[in-house]
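K.L.:
Have a look; sequence and predicted model below, questions after that.
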Amino acid sequence: MLKLPIYLDNSATTPVDPRVLDAMLPYFTEKFGNAASRSHPFGWVGEEAVDYAREQVAQLINADPKEIIFTSGSTEANNLALKGVFEMYASKGNHIITVTTEHKCILDTCIHIEKSGGQVTHLSVNAEGEIDLNELESAITDKTILISVMYANNEIGVVHPIQEIAAIAKKHNVLFHTDATQAAGKVPIDVQEEGIHLLSMSAHKMYGPKGVGCLYVRRKNPRVKVTAQMDGGGHERGMRSGTLNVPSIVGFGAAAEINAKEMYDEAARLSKLRDKLENALLELEEAFVNGNRAHRLPHITNISFKYVEGEGLMMAFNKDIAVSSGSACTSASLEPSYVLKALGLGDDLAHSSIRFSLGRFTTDEQIDFTIKKVTAAVIRLRELSPLWEMFKDGIDMATVEFKAH
Amino acid sequence: MAYSKKVLEHYENPKNVGTLDKNKPNVGTGLVGAPECGDVMRLQIEVDPETQKILDARFKTFGCGSAIASSSLATEWLKGRSIDDAMTIDNMDIVEELALPPVKIHCSVLAEDAIKAAINDYRVKNGLEAIKLEEKVVH
């Protein structure tokens, strides 16, 4: 029996894997010690657990455990990376390069930095959601200290050419940060081979708990430093003070280890299911995939169904199928996705898009149900849509005088 | 966002979906909203020229559930009313009936605008003066 509702919003968050929860539980009760307590076994047990988790997390991206700075999640890690580099390297320059399709926590941190005297260049993307590497290189000035480009986009799943970007950064002696929140644990990442200097990730996107993540900060070739944004007891090599969240860090470690092991099989299984869903929905007339389909995370698809409005469409099945019309952080607003608009989609198409993100617990049966339900909903809502009627009557929408509110 | 029971009812079983012949002299058509704003409503009325009563009302809407419900409700309220009486339908009546939350008030404003646009279209077609409308502030 198919259990409803079905969760296809794994880019917003993922459930905690039961194996992760098992690893965490003792650290709430009998192993509750403060990892910074050096004077007794309670503290030692906590410290040991954190050290082990640090290794597990480091291994996921081929880093050294000492290079992992635990934070409360990716938003904090991104803030620490950008503000921390901006402050630490102030004598070298004040210019940061990023991309218009980054997550809000990068874009808003950049606004903060601009207010503090920084200069930020936002690279645009093409219709497929990709940046132009020549444009990136020519944006670099002698004041540039940091390039920050996300590993993969959260709304459309497009993966950026990380190695090429890192090479450009290295050539110009600029630091390179990547927000790998969506990619970590889903596709292999190797900070050594790819030449990444700073990398953010979050446990709850990879079947770990919410409220924990990390910033990878390279220690060699070059040694990177960031100015702490949270002052206090000097935890995490002075870069992030605050009592360590031991149970969650343990969970993050366990989640990272499981992902490192199962990522390849999982990606193969999910991309197959994703493609099945996508191809079936593309059977509908006037349905389009947003973003480059070749360079994409295995578990995400973002589809625009022209002439139906996304929120109205979701209402047809959101009791049974959980999806979103963009990032969870902005779905409370009525604005269409700025990411889709950056791809050059008109407001009308951006209003008509839905992101499906599959996960570890997605089944074939769930995808079959979703295909049926979404297809029926699109057909039904198009019957209600005056725009669909105009399209079917061959009326050129551009000649219709709409009175915008 | 949780929807009210009445919004869900109209959304699941919308009343009076359809198209009237816009070229008929006794049919008035109102098309309001814009695709880029995420809402387009088309509301049509068929009027008895003798009595000025609305015989039939139809809609099609591109938009969220609240927009669909607002237009569905509007068509129900229009049938059987005189066009003068229909001009008095206020968006806040729709808000109240459907228990729309503040972020969805614009859907009711759109429905009121669609009613008035349809009536004015009918009036102009039949040699009557269009009634001047006051602008509602939409948030």
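P.N.:
Noted; the coordinates are in hand.

K.L.:
which residues of the chain fall in strands?
P.N.:
By default, I'm working from chain A. A:6-7, A:68-71, A:95-99, A:119-123, A:144-148, A:175-179, A:198-202, A:213-217, A:287-289, A:300-305, A:321-322, A:353-357 (DSSP state E).

K.L.:
wrong one, chain B
P.N.:
B:27-34, B:39-48, B:53-62.

K.L.:
quick one: is the shortest one near chain A?
P.N.:
Yes. Legend: contact between strand B:27-34 and chain A by C-beta under 8 Å from any C-beta of the partner chain is shown at B:31, B:32, B:33, B:34. (C-beta placed from N, C-alpha, C; glycine too.)

K.L.:
Report the contact partners of residue A:315.
P.N.:
Residue A:315 makes contact with B:3, B:11, B:64, B:65, according to C-beta atoms under 8 Å, 6 or more residues apart in numbering or on different chains.

K.L.:
redo that, cut-off 6 Å
P.N.:
Residues in contact with residue A:315 (C-beta atoms under 6 Å, 6 or more residues apart in numbering or on different chains) are residue B:65.

K.L.:
ok, now how distant is residue A:288 from residue A:282?
P.N.:
Note on residue A:288: its distance to residue A:282, by C-beta to C-beta, to the nearest Å, is 8 Å.

K.L.:
Hmm, I typed the wrong one, I wanted residue A:155.
P.N.:
Distance of residue A:155 to residue A:282, given as C-beta to C-beta: 18 Å.

K.L.:
Comparing these two, which residue is more hemmed in?
P.N.:
residue A:155 (28 against 13; other C-beta atoms under 10 Å in any protein chain shown).

K.L.:
Touching, the more buried one and residue A:338? I think so.
P.N.:
No. Between residue A:155 and residue A:338 there is no contact under C-beta atoms under 6 Å: 9.2 Å.

K.L.:
can you count the residues close to residue 105?
P.N.:
Just so you know, I chose chain A. Residue A:105, neighbours per other C-beta under 10 Å, totals 20.

K.L.:
Chain B, not that one
P.N.:
Residue B:105: 19 neighbours (other C-beta under 10 Å).

K.L.:
before we move on, what about residue B:122?
P.N.:
Neighbour tally, residue B:122, other C-beta under 10 Å: 25.

K.L.:
and it, what does it touch?
P.N.:
Neighbour list for residue B:122: B:28, B:47 [criterion: C-beta under 6 Å, 6+ apart].

K.L.:
Please report how far residue A:217 lies from residue A:140.
P.N.:
For residue A:217 relative to residue A:140 (C-beta to C-beta), the value is 22 Å.

K.L.:
again with residue A:300
P.N.:
In this view, residue A:300 and residue A:140 are 30 Å apart by C-beta to C-beta.

K.L.:
quick one, which of those two is more surrounded?
P.N.:
Set residue A:300 next to residue A:140 and count neighbours by other C-beta under 10 Å: residue A:300 wins out with 26 against 18.

K.L.:
residue contacts, the more buried one?
P.N.:
A:11, A:157, A:357.

K.L.:
got a winner among those for most neighbours?
P.N.:
Going by other C-beta under 10 Å, residue A:11 tops these with 30 neighbours.

K.L.:
So for the closest residue in space to residue A:33 that isn't next to it in sequence, what pLDDT did the model give?
P.N.:
Distances taken as C-beta to C-beta, 6 or more residues apart in numbering or on different chains place residue A:42 nearest to residue A:33, at 3.1 Å, with adjacent residues excluded. Per-residue confidence for residue A:42 comes out at a pLDDT of 97.

K.L.:
Tell me how far residue A:42 lies from chain B.
P.N.:
Noted for residue A:42: a distance of 45 Å to chain B, by C-beta to the nearest C-beta, to the nearest Å.

K.L.:
burial of that residue, as a residue count?
P.N.:
15.

K.L.:
Correct me if wrong: it contacts residue A:35.
P.N.:
No. No contact is recorded between residue A:42 and residue A:35 when judged using C-beta under 6 Å, the distance being 9.7 Å.

K.L.:
show me the residues around residue 45 that make contact.
P.N.:
This is for chain A. Neighbouring residues of residue A:45 by C-beta under 6 Å, 6+ apart: A:31, A:33.

K.L.:
Let me rephrase: I mean chain B.
P.N.:
So residue B:45 contacts B:28, B:54, B:57, B:78, B:118 (C-beta under 6 Å, 6+ apart).

K.L.:
one more time with 10 Å, if that's ok
P.N.:
B:20, B:26-30, B:54-59, B:74-75, B:78-79, B:81, B:83, B:86, B:115, B:118-119, B:121-122 (C-beta atoms under 10 Å, 6 or more residues apart in numbering or on different chains).
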